[in-house]
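S.K.: Next input, structure requested:
(4 chains)
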There are 4 protein chains.
Amino acid sequence: MKFNPDEIKEATKGDFDAAWNEGKKYVPNPGINEKYPRISLKYGKPHPVFDTIQKLREAYMRMGFEEFMNPIIVEDRDIHKQFGYEALAVLDRCFYIGGLPRPNVGISDERIIQIKNILGDIGDEGVEKIRLILHSYKKGEIEGDDLVPEMASGLKVADSKVAIMIDHVFPEFKSLVPVSSQNTLRSHMTSGWFISLGEMCEYRKVPLRLFSVDRGFRREQAEDATRLMAYYSASCVIMDENVSVEDGKAVAAGLLSQFGFSNFTFRPDEKRSKYYVPDTQTEVFAYHPKLVGSKTKYKDGWVEVATFGIYSPSALSQYNIPYPVMNLGMGVERLAMIL
Amino acid sequence: MKFNPDEIKEATKGDFDAAWNEGKKYVPNPGINEKYPRISLKYGKPHPVFDTIQKLREAYMRMGFEEFMNPIIVEDRDIHKQFGYEALAVLDRCFYIGGLPRPNVGISDERIIQIKNILGDIGDEGVEKIRLILHSYKKGEIEGDDLVPEMASGLKVADSKVAIMIDHVFPEFKSLVPVSSQNTLRSHMTSGWFISLGEMCEYRKVPLRLFSVDRGFRREQAEDATRLMAYYSASCVIMDENVSVEDGKAVAAGLLSQFGFSNFTFRPDEKRSKYYVPDTQTEVFAYHPKLVGSKTKYKDGWVEVATFGIYSPSALSQYNIPYPVMNLGMGVERLAMIL
Amino acid sequence: MKFNPDEIKEATKGDFDAAWNEGKKYVPNPGINEKYPRISLKYGKPHPVFDTIQKLREAYMRMGFEEFMNPIIVEDRDIHKQFGYEALAVLDRCFYIGGLPRPNVGISDERIIQIKNILGDIGDEGVEKIRLILHSYKKGEIEGDDLVPEMASGLKVADSKVAIMIDHVFPEFKSLVPVSSQNTLRSHMTSGWFISLGEMCEYRKVPLRLFSVDRGFRREQAEDATRLMAYYSASCVIMDENVSVEDGKAVAAGLLSQFGFSNFTFRPDEKRSKYYVPDTQTEVFAYHPKLVGSKTKYKDGWVEVATFGIYSPSALSQYNIPYPVMNLGMGVERLAMIL
Amino acid sequence: MKFNPDEIKEATKGDFDAAWNEGKKYVPNPGINEKYPRISLKYGKPHPVFDTIQKLREAYMRMGFEEFMNPIIVEDRDIHKQFGYEALAVLDRCFYIGGLPRPNVGISDERIIQIKNILGDIGDEGVEKIRLILHSYKKGEIEGDDLVPEMASGLKVADSKVAIMIDHVFPEFKSLVPVSSQNTLRSHMTSGWFISLGEMCEYRKVPLRLFSVDRGFRREQAEDATRLMAYYSASCVIMDENVSVEDGKAVAAGLLSQFGFSNFTFRPDEKRSKYYVPDTQTEVFAYHPKLVGSKTKYKDGWVEVATFGIYSPSALSQYNIPYPVMNLGMGVERLAMIL
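M.R.: Coordinates of the predicted model:
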């Protein structure tokens, strides 16, 4: 409650303790519904995955890495360049992207009658307008968003009537079937790194230390907690004259130490991807004190958190890259669950 | 250069100025190649878009919003639910996703000869193994990644030979054509919000204040600086019994003030999307002192930066959502360019 | 090792597996001293206290609070205004600040001889210059830093000689004893808040929600881990017509929830500071799952982390503040140790 | 306003456009006082200085530096060790800290009468209790905060009466004059670095790259915008066998580039502090495009922002440090004003 400082100053000068005790009357005693925890203070909350992404970005930058944005849409022939005869298997797990074709529609006499039934008598030039607009649309001169408004404004009829007319008269639109292109969504960050490094090695000097924490997409039969169709990868590369698996170990330890991991072991990966030099693909196991005694399968404190390897000159050469490249990647969702 | 503190302490006690001057000899004078700017200090660098994303996340959280991750893959029937008769136009701009089918291959006698030519005499049971593995693959019991290794280990021949064999004997694999599903990549965050809010309104209480700064995908004819196929949107919703365009204005001002914008005007959007209540779709123009005098078309300081509106009960009802929802979105790349 | 992409491309086309295996030769096998963990990647590391400060700043801002910088130097009469008859006890724990006085020195004939012995014959006008400079220094017209350079340049002798001369001839400088002023270093943030709020209530409207995470100083007999002479406090105030202890509870819960605390209890503080309304001073106990089973005295998971109360109108009135004020504070070092 | 999704779903199925238009009635049209800008969204706001501090912390960490907290209270003999004959001038600008002494008070017969007049007849043992408590207080066994409560509880009288009694009977308390110690508040970060590095060189290996963004205190005649008694310094050190001014240049450029500065020049500082090796003290001038055309004295874009140098072996030896040390410092408030 607002009070009068002058009065209270006076009272305090007179009898400090009495005035002090009087202070209570300016503090309301809220009813039950205005009491904690019925009242609470809302605060902005981060999502754990995006929170982990931000921590990973900071951790990479604190190791001196530069952030990069890689292409997310990759042609299937890039997969062939990167994976050789493994490409088929990889593409089996990739999403291809495509879209709706634009139909080639004709306006028969019968259809003209149907159109006029719905829109009213729009005359021959009205029909001609529709024909021209459909033609422009087919050729890509008119965007999908603009088809209905364009007709409506050309014919001076309501949007909704045009929409109904197209719906009834041109069933071709409803029966459109999407068609795939040769483009895929990157299934892992490596597909993007090859393209980016191939371009960069023309204008940037080695050593290059780059990172990206961004999405990958995997076509899966079923999506569950450990298998996400859209997932986040925290990936980095070091391109330099001399890079070796030791760089991978040092990056893994430097990165993971920043998240409280305190011990690391490295095991050769049984999977020997063709885009890595043989015997360089390495799994990173790390120890986190917080996991000890947890009700997970990591209760001894150890968990597999990352993989690294040296990109194969066979794959690098397809992009005219003349330097070996260390690549390390880790799943963000997994890290978010551990932390 | 390392030095002996005891000696120098002694010398300093004797003749401070002389000892002080002597200090120079412990500081090397590097050769030209060890001099700045030939030597420099590498530091971690953020990418401007991801940097802006992080600033937007903070700005939303400082307004008390909670971060949410929306579905990135959306069925096309959701677009129909959200847009009504506009859906067709919207879907024209969406990417559909699909993938490679798995071929149904037979093993003729002629093919058996070819196989043995490449792999050596693997016997009848070898051929039978191939048949079984191809069958399991077709049924989805074997992952694409595992097809070659599975055969190689079953037949005890090298991976590469199996790969060559498949390449030569089963051209069906090479001629696979990807097939689209009915799933699309969200073209704007709204497609995701409807799905998420529809689920949340069962277990969360209003008011809900959520945000997401994440990707959208637009199928475009050509990709250039202002039109990106994959772009970032900073989107938020307020779901509450009483929300109005005034909430949109307040959110826009609160959010943009944090980026140095200092003045705001609001104009009804000419585009009247069907997922917004008529006449609520509003364009946000903001003034940034930094733009004044810049060599851009915004040199008067004003720029269009965001759009908001109230989701239509018609669309909300499709998801059994009983409350109006204010939605505001802005393009991240555009903001990154301005800042 | 750098390689020739064209050659490798050719080799890969010829025999993929052979070329792939050859890739190994471009990856160095470092000697023992270039191996992990002898090589490691340095990364920027935050100090735990400053890291916690930053997290507290974010947490306050995500509750919508505005950051403020309070005066760190506070006159002792402010302590009297705030604490009434408790002031004496409080000031006993405060650092007073002071400094060296500037001596009033005379130049006797004997000293003139000493000066000339050291500096050489600087003549009468040299002596006069010294006299004038000493006088200006005394009056505060010359800064301490400039005393020696000023004389050296005026007399055209080396800095070091002047320094030696002052040292030998004017022992008054060496025997200077610092003198305290009536200014103190704030012993807790409250001393600053009263001053700041007193000024702000003239030009800012209620409600005001402000925070500051900054230093306080306490004069202690001994400094150890739990008692720091210089420590950090994370403090906030809400000034509004109606504030009560419920606001304190809501702020405590909102703030601490962001650090993983999940349960809260509140107990009236036995200490009844005069700057709080009687019976509003409250201790905050919070439960953190991470503490459970820890080798600390908090192994049941509960720890006292904060204190809040409503500033007394008696104290507020001294600063002409007409609104009650909720104040909450917590020690940063303690929180840093828990996290 | 809440609505019934089932009803609206039905209506939408019947006549999409009509139902869509009806949507308006669920969106309130707020009265003038609920309209923007009368309503606004509060958001958490950082203070520009603390915001700049955080950016500087990040910038240092992104160059791989480790954060450190240096002593803020420094004995005056450390200044002598660091500055040699310059110490006097430096100490003239330092705050000394001190505190109130504890009075040695006697209880005369006259005072006993006064005491009983105020407190009532407390008997001989009451007087003895007072005597003992005052004695314990003098010896430091009782904290200042506890003097009044201790007496009150010992004598079973009200706090306030005890306070009045002390006030009337023991004027010694009121006439206490603070006494300075030989401790000072660090006037710049260097005073702290010498102490810290002296300790660290025993247990840490070179190279060491440390930073601290923290307070310094300067005793000034008058405090204004450019001269603050309490200010923030962003300081760093590199301790290594070979460090030179080139390291200072590289650090300056790396740090400032992160704030948008794009060009750097370096000038020998006219001030030649004794804690730096002669001729290594260097002023950093930097160019910021944002300053160009500004209404400041930096309208050509150039501003002096930092100073660096190599610590003198003469000063380092006083702390038994055997390596040269590059030190760079810049004022935070100045940077905050520029940004």
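S.K.: Now the longest helix seen in chain A: buried residues?
M.R.: Identified as the longest helix of chain A according to DSSP state H is helix A:123-139. Neighbour counts over helix A:123-139 (16 or more other C-beta atoms under 10 Å in any protein chain shown) mark A:G126, A:V127, A:K129, A:I130, A:I133, A:L134, A:Y137 as buried. For every residue, glycine as well, the C-beta is placed using N, CA and C.
S.K.: Walk me through the domains of chain A.
M.R.: Annotated domains of chain A cover A:5-34, A:48-97+A:185-338, A:101-173 [automatic domain parsing].
S.K.: Kindly reformat those domains as TSV containing mean pLDDT and distance to chain C.
M.R.: Listed next are the domains of chain A as TSV, based on pLDDT from 0 to 100; distance: least, C-beta to the nearest C-beta, whole Å:
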stretch	mean pLDDT	distance to chain C
domain A:5-34	91	4
domain A:48-97+A:185-338	92	4
domain A:101-173	88	36
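S.K.: so which of the ones you listed is the most packed in?
M.R.: Neighbour counts averaged per stretch over the domains of chain A are highest for domain A:48-97+A:185-338, at a mean of 20; criterion: mean count of other C-beta atoms under 10 Å in any protein chain shown.
S.K.: how long is that one end to end?
M.R.: 11 Å (C-alpha to C-alpha, to the nearest Å).
S.K.: now the helix or strand harbouring A:Q114: how far from the chain's centre is it?
M.R.: Using DSSP states H and E, A:Q114 sits within helix A:109-119. Between the centre of helix A:109-119 and the centre of its chain there are 46 Å (C-alpha atoms, centre = their mean, to the nearest Å).
S.K.: which helices and strands sit right next to that helix?
M.R.: Secondary structure elements in contact with helix A:109-119, counted by 3 or more C-beta pairs under 8 Å, 6 or more residues apart in numbering or on different chains; DSSP states H and E, are helix A:123-139, helix A:159-169.
S.K.: could you check the angle helix A:159-169 makes with that helix?
M.R.: 150 degrees (axes from the mean of the first three to the mean of the last three C-alpha atoms, to 10 degrees).
S.K.: tilt between helix A:109-119 and helix A:123-139?
M.R.: Using the same axes, to 10 degrees, helix A:109-119 lies at 100 degrees relative to helix A:123-139.
S.K.: closest to D:V169 out of the helices and strands packed on helix A:109-119?
M.R.: helix A:159-169 (91.9 Å; C-beta to C-beta).
S.K.: need the contact list for the residue of the stretch 101-250 of chain A found nearest chain D.
M.R.: Sorted by distance to chain D under C-beta to the nearest C-beta, the residues of the stretch 101-250 of chain A start with A:S160, at 4.2 Å. Residues in contact with A:S160 (C-beta atoms under 8 Å, 6 or more residues apart in numbering or on different chains) are B:Y85, D:F16, D:D17.
S.K.: one more time with 6 Å
M.R.: By C-beta atoms under 6 Å, 6 or more residues apart in numbering or on different chains, the contact set of A:S160 is D:D17.
S.K.: Tell me the residues of the stretch 201-339 of chain A that contact chain B?
M.R.: Neighbours of chain B within the stretch 201-339 of chain A, by C-beta under 6 Å from any C-beta of the partner chain: A:R219, A:A230.
S.K.: And for the stretch 1-150 of chain A?
M.R.: Going by C-beta under 6 Å from any C-beta, the residues of the stretch 1-150 of chain A near chain B are A:42, A:44-47, A:50, A:54, A:61, A:64-67, A:69, A:72, A:85, A:88-89, A:91-93, A:95-100, A:140, A:144-145, A:147.
S.K.: Take those residues and keep only those in helices.
M.R.: A:F50, A:Q54, A:M61, A:L88, A:A89, A:L91, A:L147.
S.K.: Report the entries of the residues you listed that also contact chain D.
M.R.: Okay, of these touching chain D (C-beta under 6 Å from any C-beta), that's A:M61.
S.K.: Of the ones in helices among the residues of the stretch 1-150 of chain A next to chain B, which pair is most distant in space?
M.R.: A:M61 and A:L147 (46.4 Å).
S.K.: does any bit of stretch A:21-40 sit next to chain D?
M.R.: No - using C-beta under 6 Å from any C-beta, stretch A:21-40 stays clear of chain D, with a minimum separation of 10.1 Å.
S.K.: Show me the helices in chain A, by range?
M.R.: Using DSSP H, helices in chain A cover A:5-14, A:16-22, A:48-62, A:76-83, A:87-91, A:109-119, A:123-139, A:147-155, A:159-169, A:171-174, A:189-200, A:245-257, A:313-317, A:332-338.
S.K.: for the ones you listed, which one sits closest to D:V243?
M.R.: helix A:48-62 (21.9 Å).
S.K.: and the angle from the closest one to helix B:48-62?
M.R.: 130 degrees.
S.K.: who's in contact with A:D51?
M.R.: Contacts of A:D51 (C-beta under 6 Å, 6+ apart): none.
S.K.: From A:G44, how far off is it?
M.R.: Per C-beta to C-beta, to the nearest Å, A:D51 is found 12 Å from A:G44.
S.K.: Also A:E304?
M.R.: 33 Å.
S.K.: Around chain D, pick out the residues from chain A.
M.R.: A:D17, A:M61, A:R62, A:G64, A:S160.
S.K.: any idea which of those residues is closest to C:L228?
M.R.: A:R62 (27.5 Å).
S.K.: Excluding chain neighbours, what is closest to that closest one?
M.R.: C:G44 (3.8 Å; C-beta to C-beta, 6 or more residues apart in numbering or on different chains).
S.K.: go on, A:P101?
M.R.: Using C-beta to C-beta, 6+ apart, the closest residue to A:P101 is A:V179 (5.5 Å).
S.K.: Could you report the neighbour count for that neighbour?
M.R.: Number of residues near A:V179 (other C-beta atoms under 10 Å in any protein chain shown) recorded here: 15.
S.K.: which strand residues sit across from it in the sheet?
M.R.: When bridges are called by DSSP bridges, A:V179 pairs up with A:G99.
S.K.: can you pull the pLDDT of it?
M.R.: Predicted confidence (pLDDT) for A:V179: 92.
S.K.: Distance check, it against B:V179.
M.R.: For A:V179, the distance to B:V179 - C-beta to C-beta - is 9 Å.
S.K.: one step back: from what I can see the residue nearest to A:R62 touches D:F68, true?
M.R.: No - assessed by C-beta atoms under 6 Å, C:G44 is found out of contact with D:F68, at 11.9 Å.
S.K.: Excluding its own residues, what touches stretch A:4-15? List them.
M.R.: A:A19, C:P313, C:S314, C:S317, C:N320, C:P322.
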